[in-house]
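> Sequence first, then the predicted structure:
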Amino acid sequence: MTHFDLVVVGTGSGNTIVTKQFADWKVAIVERGTFGGTCLNVGCIPTKMFVHTADLAAVPSASSRFGVDEQLTGVHWPEIRDRIFHRIDPISASGAEYRLHHANNVNVTLYHGTGRFTADGELTVTSAEGGQTEVLTANKFVLAAGSRPIVPFIPGLEEVGFHTSETIMRMEQLPRRLGIIGSGFVAAELAHVFSSLGVEVTVIGRSDLMLRHQDREIAVRYTEIAQERYNVRLDHDTVRVKGRDDGIALEMLSPQGPDELVVDELLVAVGRTPNSDVLNLGATGVELEEDGRVIVDEFQETAAEGIYALGDLCSPYQLKHVANHEARVVQHNLLHPENRIKSDHRYVPHAVFGSPQVASVGLTEEEAIEQGVRYVVGREAYADIAYGWAMEDTTGFAKILADPDTGLLLGCHVIGPQAATVIQPVIQAMSFGLDAHRMARGQYWIHPAMPELIENALLNLKLKG
Ligand SMILES: Cc1cc2nc3c(=O)[nH]c(=O)nc-3n(C[C@H](O)[C@H](O)[C@H](O)COP(=O)(O)OP(=O)(O)OC[C@H]3O[C@@H](n4cnc5c(N)ncnc54)[C@H](O)[C@@H]3O)c2cc1C
Ligand SMILES: NC(=O)c1ccc[n+]([C@@H]2O[C@H](COP(=O)([O-])OP(=O)(O)OC[C@H]3O[C@@H](n4cnc5c(N)ncnc54)[C@H](O)[C@@H]3O)[C@@H](O)[C@H]2O)c1
């Protein structure tokens, strides 16, 4: 048994906590998988590297509108894949190496294994290689164990074999036909990637829209555009999967009756579940939500004193910028217990890096109605701003919701080129309490740049006074 001042479980955002400020703490970091966690190894970073490649591959299909004839003459999957992972894998390896051998980490021990509480204040680590165990006790714990893909029970799925976001990006070769079960973030981004690389993609969604949690107008527009690019079967429930000579056969039920699809590979992307079950939290006073998320207070502390949690393990937002924010809060609160800070979840934005991009912050129109919040809407189409003319964009738009009396911004939703970047000034305005009029008229907007979309949407708000 070894005693530590601090034990951190998980090397995603959890790893960022342990800086030189902890030089006089004896720290253990426990990781059961690849060092660096989801974002670096199988999440944000590789997906966006694939998305950029897909954006390039998709250019020729649109370029003739500009009087430029281009042809996509080849997609070399092993080169695409290896460029990405030859960049990422060394980052993960050097992160582990830093913890294991760098002079800055003489106070830090990195354990490669699965941590499981065996008593209050006692975590037993079973090594990844074999059954070897180490018992760690600590004054403080940080639980940053993240989440993993949900695999729904569909008869035949285990037998035929399937991918999740954790495996598909490292496939040996591109399939001819790819079925994607799910129609959320991962489905939207990877459908764009694989369809742009020439794979025949079919998205199978249970609901009536792709990205159904977005503002409805945005989800409707995204679904329409997706349907032009690849196959989308909505309102479809996959009831059985079978291996056949000609591929993997999916039996589905839709309101129109039974449907069938044959593909070569299958991606399951129906959400992620927190890894709290792995930690045996019953041995501690840590409490859980019904969906398995660890319950934390505004200081990111769990119901068990001295045990903090962050990121996908506890957050309703499964987003890296949220996990990083919460890690900063936990770090501060460990170092300054007498002066703790609260995490700020007022205006959490997100973006889907599909085609086109989607970005959002604050209330959707449906949420404003449901919550009885008074609002006005200002809209602007990319087609109506100068840069949109340059791009010949006909589908993108921004939609801003504001309080009609104060002009304070309630929400913003963008679909179109660089939406994730274009939305940032709105996130800033909401975070710092800037009203629509001051935001639109209290600064210069570079002409003719894309943020004019936001400027015009603000000016289109019908505010009082
Ligand atoms: C395909 C994909 C794309 C994404 N793209 C984006 C994006 O563009 N933008 C964005 O904001 N978010 C994105 N996300 C979400 C983002 O990756 C996560 O929200 C973020 O990585 C969560 O960080 P975390 O530190 O909470 O958990 P993780 O990074 O998952 O780290 C948890 C670590 O804990 C380890 N672990 C778990 N249990 C134990 C245990 N018992 N013992 C020891 N170790 C354990 C795991 O192996 C893992 O390494 C994406 C996710 C996916 C899947
Ligand atoms: N750009 C980003 O920030 C980004 C990208 C990828 C993932 N992520 C994070 O990872 C999380 C997980 O992504 P995801 O796409 O797996 O989940 P998701 O929650 O975004 O979407 C899953 C979808 O699958 C549907 N579904 C559930 N069960 C189903 C079934 N049996 N058959 C068909 N459809 C079913 C759900 O209704 C939902 O619409 C996201 O919620 C997001 O927080 C973020």
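All right, it came through fine. Ligands and ions are numbered 1, 2, ... in the order given.

> how about the single nearest residue of the stretch 301-450 of the chain relative to ligand 2, phi and psi?
Of all residues in the stretch 301-450 of the chain, residue 318 sits closest to ligand 2, at 3.3 Å by C-beta to the nearest ligand atom. Where you see a C-beta, it was placed from the backbone N, CA and C, and this is true even at glycine. Torsion angles at residue 318 (phi, psi; degrees, to the nearest 10) stand at phi -90, psi 70.

> Counting neighbours, what do you get for it?
By other C-beta atoms under 10 Å, the residues close to residue 318 number 21.

> Make sure it is actually in contact with residue 273.
No - with contacts counted by C-beta atoms under 8 Å, residue 318 stays clear of residue 273, the gap being 9.9 Å.

> dump the residue contacts of the spatially most central residue of the chain.
Closest residue to the average C-alpha location of the chain: residue 319 at 4.6 Å, with C-alpha atoms, centre = their mean. Listed by C-beta atoms under 8 Å, 6 or more residues apart in numbering, the contact set of residue 319 reads 348, 350.

> Distance from the helix or strand of the chain with the lowest mean pLDDT to the middle of the chain?
Here the helix or strand of the chain ranked lowest by mean pLDDT, DSSP states H and E is helix 60-63, holding a mean of 94. Relative to its chain's centre, helix 60-63 lies at 28 Å (C-alpha atoms, centre = their mean, to the nearest Å).

> Any buried residues in it, and which?
For helix 60-63, burial by neighbour count (16 or more other C-beta atoms under 10 Å) applies to no residue.

> now stretch 62-82
So, applying 16+ other C-beta under 10 Å, buried residues of stretch 62-82: 80-81.

> neighbouring contacts of it?
Counting by C-beta under 8 Å, 6+ apart, residues outside stretch 62-82 touching it are 50, 53, 57, 59-61, 169-171, 173-174, 197-198, 392.

> From those, list just the buried residues.
Buried among the contacts of stretch 62-82 by 16+ other C-beta under 10 Å: 50, 53, 57, 169, 171, 174, 197.

> how about the closest residue to residue 139 other than its chain neighbours, secondary structure?
Closest residue in space to residue 139, ignoring its immediate chain neighbours: residue 5 at 5.4 Å, by C-beta to C-beta, 6 or more residues apart in numbering. When classified by DSSP: H, G, I helix; E, B strand; the rest coil, residue 5 comes out as strand.

> Return the distance of the next helix or strand after the least confident helix or strand of the chain from the chain's centre.
Going down the chain from helix 60-63, the next helix or strand is helix 77-101, by DSSP states H and E. The chain centroid and the centroid of helix 77-101 are separated by 20 Å under C-alpha atoms, centre = their mean.

> Just the buried positions in the helix or strand just after helix 77-101, please.
Once the chain leaves helix 77-101, the next helix or strand it forms, by DSSP H and E, is strand 108-119. Under the neighbour-count criterion of 16+ other C-beta under 10 Å, strand 108-119 has 108-117 buried.

> Could you check how many residues crowd around the closest residue in space to residue 84 that isn't next to it in sequence?
Nearest residue to residue 84, sequence neighbours excluded (C-beta to C-beta, 6+ apart): residue 49, at 4.5 Å. Residue 49 has 19 neighbours, counted by other C-beta under 10 Å.

> Give the phi and psi angles for the residue nearest to the centre of the chain, as a check.
Dihedral angles (degrees, to the nearest 10) for residue 319: phi -130, psi 140.

> Same question for residue 274.
Torsion angles, degrees, to the nearest 10, at residue 274: phi -60, psi 150.

> That one is in contact with residue 311, isn't it?
No - look at residue 274 against residue 311 with C-beta under 8 Å: they stay out of range, at 9.2 Å.

> can you list the domains in this structure?
2-149+273-335, 157-270, 356-459 (automatic domain parsing).

> Which residue, other than its chain neighbours, is closest to residue 127?
residue 113 (4.2 Å).

> what's the overlap in contacts for residue 318 and residue 273?
residue 147.

> Please give me every residue in contact with the closest residue to residue 37 other than its chain neighbours.
Leaving aside its sequence neighbours, residue 37 sits nearest to residue 12 (C-beta to C-beta, 6+ apart; 2.4 Å). Contacts for residue 12 were tallied using C-beta under 8 Å, 6+ apart; they are 36-40, 144, 146, 311-312, 320, 323.

> ok, 10 Å please
Residues in contact with residue 12, defined by C-beta atoms under 10 Å, 6 or more residues apart in numbering, are 31, 33, 35-41, 43, 144-147, 310-313, 320, 323-324, 327.

> Against residue 219, how distant is it?
29 Å (C-beta to C-beta, to the nearest Å).

> So what's the residue count around whichever residue of the chain sits closest to ligand 2?
Nearest residue of the chain to ligand 2, counting by C-beta to the nearest ligand atom: residue 184, 1.9 Å away. Residue 184 has 19 neighbouring residues, counting by other C-beta under 10 Å.

> So it sits against residue 207, correct?
Yes - Residue 184 lies in contact with residue 207 (C-beta atoms under 10 Å); the separation is 9.4 Å.

> Can you add pLDDT and give the buried residues of strand 108-119 back as a markdown table?
Converted to a markdown table, those look like this (pLDDT from 0 to 100):
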| residue | pLDDT |
| --- | --- |
| 108 | 98 |
| 109 | 98 |
| 110 | 98 |
| 111 | 97 |
| 112 | 96 |
| 113 | 97 |
| 114 | 97 |
| 115 | 98 |
| 116 | 97 |
| 117 | 98 |
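
> Quick check: buried residues in the helix or strand hosting residue 329?
Assigned by DSSP H and E, residue 329 falls within helix 320-335. Neighbour counts using 16+ other C-beta under 10 Å place 320, 322-334 of helix 320-335 among the buried residues.

> Need those residues in a markdown table (columns: pLDDT and distance to ligand 2).
Below are the buried residues of helix 320-335 laid out as a markdown table (pLDDT from 0 to 100; distance: C-beta to the nearest ligand atom, whole Å):
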| residue | pLDDT | distance to ligand 2 |
| --- | --- | --- |
| 320 | 98 | 7 |
| 322 | 98 | 9 |
| 323 | 98 | 10 |
| 324 | 98 | 13 |
| 325 | 98 | 14 |
| 326 | 98 | 14 |
| 327 | 98 | 17 |
| 328 | 98 | 19 |
| 329 | 99 | 19 |
| 330 | 99 | 20 |
| 331 | 98 | 23 |
| 332 | 98 | 25 |
| 333 | 98 | 24 |
| 334 | 98 | 26 |
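
> hmm, back to that, need the domains of the chain in TSV with distance to residue 343, can you?
Formatted as TSV, those follow (distance: least, C-beta to C-beta, whole Å):
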stretch	distance to residue 343
domain 2-149+273-335	4
domain 157-270	22
domain 356-459	14
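
> returning to that earlier point: so between residue 274 and residue 311, which is more surrounded?
residue 311 (33 against 25).
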